[in-house]
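Asker: Kindly generate the corresponding structure for this input.
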Amino acid sequence: MAESKGIDRRRMLQGAALAGLTAAAGAGAARRALAAGPGGSDEVSVRGDGAYDTVPLAKDNIRLCVVQSVVRPVDAANPGPGKRRNLNHMLDLIDMAQSSGPPSDILFFHEFPITGFRFTWTRDDVQRAAIEIPGEETEEIAKRARQHGCYIVFGSYVKDPDWPGHNLSITTIVGDDGEVLAKHWKARNIKGVFRVGKRNIELMTTTIYNVLDRYVEMYGEDEVIPVTRTKFGNICTTAVQREPELIRAYALKGCELMLRTATGGFNPLDIRSGAMHNGIYTALVNNAHSPGTRGIFGDTGGGGSGIWGPRGEPLAEARSGFEQPIAATLPMAAFRARHRVPDVHWRLYEPVYSRYQPKFAPNLFSEYLPADLDDAGAYLAEKSRWK
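Answerer: Numbering: from 1, shown residues only. Sure, this is the predicted structure:
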């Protein structure tokens, strides 16, 4: 009975969202937005036989291209011109990547190719800079996807009428027909690592973890760890670093291709070990060196993008920290024929995990939305369970 009530409420919430979208953008846009949203299932899609759910592959070998590009923050007071500039550059890179070698089935961009980011931005700044999905930017990217017959995957700050005031970090998968196949939220934010002078600051992005109950109510338990099953393989995305449990959860649900984004830095060992420990193809896209970006040195944290195989072996890596495509062909059909999910001896670990308490509880941004990074730092410091 509880499950039925949850599903009924989710349908009501999604129906209200659809009605609002229809009024604002027309029935076609509303249908696309709802189709691009999650399925709302409370049944978590993990099988018990070592196999996993798929859809048929369109071809045996899939060509993936990681596009390492600059990050340029827009002027949050007047973001339109900057977003237009960044979008035009992204569209040019799509054309260049598809003409500089064998055309790719999937093009993969970093977290913020359209908006960029600044640590000085407030919540209101991000709201002004953020894009909407669907929106002007995704429509133009969709045209390139149709033109080149490829998927395009990219991250962005996003604002959503279903989540007023929330700053979302979403990785979008646009199909080769121009339709939005998936909108993957960031799962959680790293905490306790950023300082400005003597101040501790924290990210104010709304993630799945910090609105977990509401997210599940809206979209279903299965979408907490989303796997997008496509004709080019089972695709997962994440902007989360150094949390191997998250990558393992994707693998247990049948991830075949993990697309990971970073901005300004990451640990290559973390990326390669995630591929090796779970036996999955993994790509990491970081921003390129970005000279002329006010507030940071142009070479800070740029480069290092690449593609790794199921043993953690490098398949293609960036030659430098500058803008470039990094491409590899993945034998997806042969891989799928032999691949199984990780064999995890859960009964050994369950007593430990069942007693563990994370430093921060979920749902904290359901209670309060920090105004900026300093406010987020102060708010979360008061909420820590660890002393």
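Asker: how close does the residue nearest to residue 303 when sequence neighbours are not counted get to residue 302?
Answerer: Distance criterion C-beta to C-beta, 6 or more residues apart in numbering; nearest residue to residue 303, sequence neighbours excluded, is residue 321 at 2.9 Å. All C-beta atoms are positioned from the backbone trio N, CA, C, and that covers glycine. Distance of residue 321 to residue 302, given as C-beta to C-beta, to the nearest Å: 4 Å.
Asker: These two: who's more crowded?
Answerer: Shown here are residue 321 and residue 302; by other C-beta atoms under 10 Å, residue 302 has more neighbours (26 against 20).
Asker: Low-confidence ranges, the chain, go.
Answerer: For the chain, applying pLDDT under 70 flags the ranges 1-40, 196, 198, 292-301.
Asker: Quick check, residue 375 in contact with residue 203.
Answerer: No - contact status for residue 375 versus residue 203: not in contact, 11.6 Å apart, counting by C-beta atoms under 8 Å.
Asker: Those two: which is more packed in?
Answerer: Per other C-beta under 10 Å, whichever of residue 375 and residue 203 has more neighbours is residue 203, with 22 against 17.
Asker: Not counting sequence-adjacent ones, nearest residue to the more buried one?
Answerer: Among residues not flanking residue 203 along the chain, residue 189 sits closest, at 4.4 Å (C-beta to C-beta, 6+ apart).
Asker: Does that neighbour touch residue 208 like I think?
Answerer: No - using C-beta under 8 Å, residue 189 makes no contact with residue 208, being 10.3 Å away.
Asker: Can you name the residues that contact residue 341?
Answerer: Residues near residue 341 by C-beta atoms under 8 Å, 6 or more residues apart in numbering: 46-47, 50-52, 251-254.
Asker: Looking at neighbours, which among those residues is most surrounded?
Answerer: Busiest of the contacts of residue 341 [other C-beta under 10 Å] is residue 251, holding 26 neighbours.
Asker: What separation is there between it and residue 47?
Answerer: Distance of residue 251 to residue 47, computed by C-beta to C-beta: 13 Å.
Asker: List the contacts of the nearest residue to residue 314 once chain neighbours are set aside.
Answerer: Computed as C-beta to C-beta, 6+ apart, the closest residue to residue 314 that is not its neighbour in sequence is residue 308, at 5.8 Å. If a contact means C-beta under 8 Å, 6+ apart, then residue 308 has 271-272, 275, 281-284, 314-315 as its contacts.
Asker: and what of residue 50?
Answerer: Residue 50 makes contacts with 340-341, 343, as judged by C-beta under 8 Å, 6+ apart.
Asker: Kindly report the same for residue 55.
Answerer: 229-231.
Asker: top of these by neighbour count?
Answerer: residue 230 leads the contacts of residue 55 on contacts (other C-beta under 10 Å) with 23 neighbours.
Asker: which residues in the protein form helices?
Answerer: In the chain, the helices defined using DSSP state H lie at 2-25, 27-36, 79-99, 123-129, 136-148, 212-219, 244-252, 268-278, 332-338, 346-355, 364-367, 373-383.
Asker: Quick one: closest of the ones you listed to residue 179.
Answerer: Among the helices of the chain, the nearest to residue 179 by C-beta to C-beta is helix 27-36 (6.4 Å).
Asker: need the strands for the stretch 201-350 of the chain, in chain order.
Answerer: Secondary structure of the stretch 201-350 of the chain, counting by DSSP state E, counting those that start in this stretch: strands at 228-230, 233-238, 257-261, 281-285, 306-308, 314-317, 324-330.
Asker: JSON lines for those, including distance to residue 125?
Answerer: Converted to JSON lines, the strands of the stretch 201-350 of the chain look like this (distance: least, C-beta to C-beta, whole Å):
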{"stretch": "strand 228-230", "distance to residue 125": "30"}
{"stretch": "strand 233-238", "distance to residue 125": "25"}
{"stretch": "strand 257-261", "distance to residue 125": "21"}
{"stretch": "strand 281-285", "distance to residue 125": "25"}
{"stretch": "strand 306-308", "distance to residue 125": "32"}
{"stretch": "strand 314-317", "distance to residue 125": "35"}
{"stretch": "strand 324-330", "distance to residue 125": "30"}
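Asker: Mind listing the residues bridging to the residue nearest the centre of the chain?
Answerer: Geometric centre of the chain, nearest residue: residue 171, 3.4 Å, by C-alpha atoms, centre = their mean. Beta bridges link residue 171 to residue 155, residue 184, judged by DSSP bridges.
Asker: Enumerate every residue touching it.
Answerer: Contacts of residue 171 by C-beta under 8 Å, 6+ apart are 111, 153-155, 183-184, 186, 237-239, 259, 261.
Asker: quick one: which of those residues is nearest residue 176?
Answerer: When those are compared for distance to residue 176 (C-beta to C-beta), residue 153 wins out at 11.9 Å.
Asker: separation between the closest residue to residue 79 other than its chain neighbours and residue 375?
Answerer: Of all residues not flanking residue 79 in the chain, residue 129 sits nearest, at 4.5 Å (C-beta to C-beta, 6+ apart). Distance check for residue 129 against residue 375: by C-beta to C-beta, it reads 18 Å.
Asker: got the contact list for stretch 144-151?
Answerer: 91, 94-95, 98, 103-107, 152, 173-178, 181, 230, 232.
Asker: and it, how far from the chain's centre?
Answerer: On the basis of C-alpha atoms, centre = their mean, to the nearest Å, stretch 144-151 sits 20 Å off its chain's mean C-alpha point.
Asker: likewise stretch 185-192?
Answerer: Between the centre of stretch 185-192 and the centre of its chain there are 11 Å (C-alpha atoms, centre = their mean).
Asker: residues in contact with it?
Answerer: Under the criterion C-beta under 8 Å, 6+ apart, residues 168-171, 200, 202-203, 205, 207-210, 215, 224-225, 238-243, 246, 359-360, 380 lie in contact with stretch 185-192.
Asker: Buried members of those into PyMOL, please.
Answerer: Applying 16 or more other C-beta atoms under 10 Å to these, the buried members can be selected in PyMOL as follows:
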select buried, resi 168+169+170+171+200+202+203+205+207+208+209+210+215+224+225+238+239+240+241+246+360+380
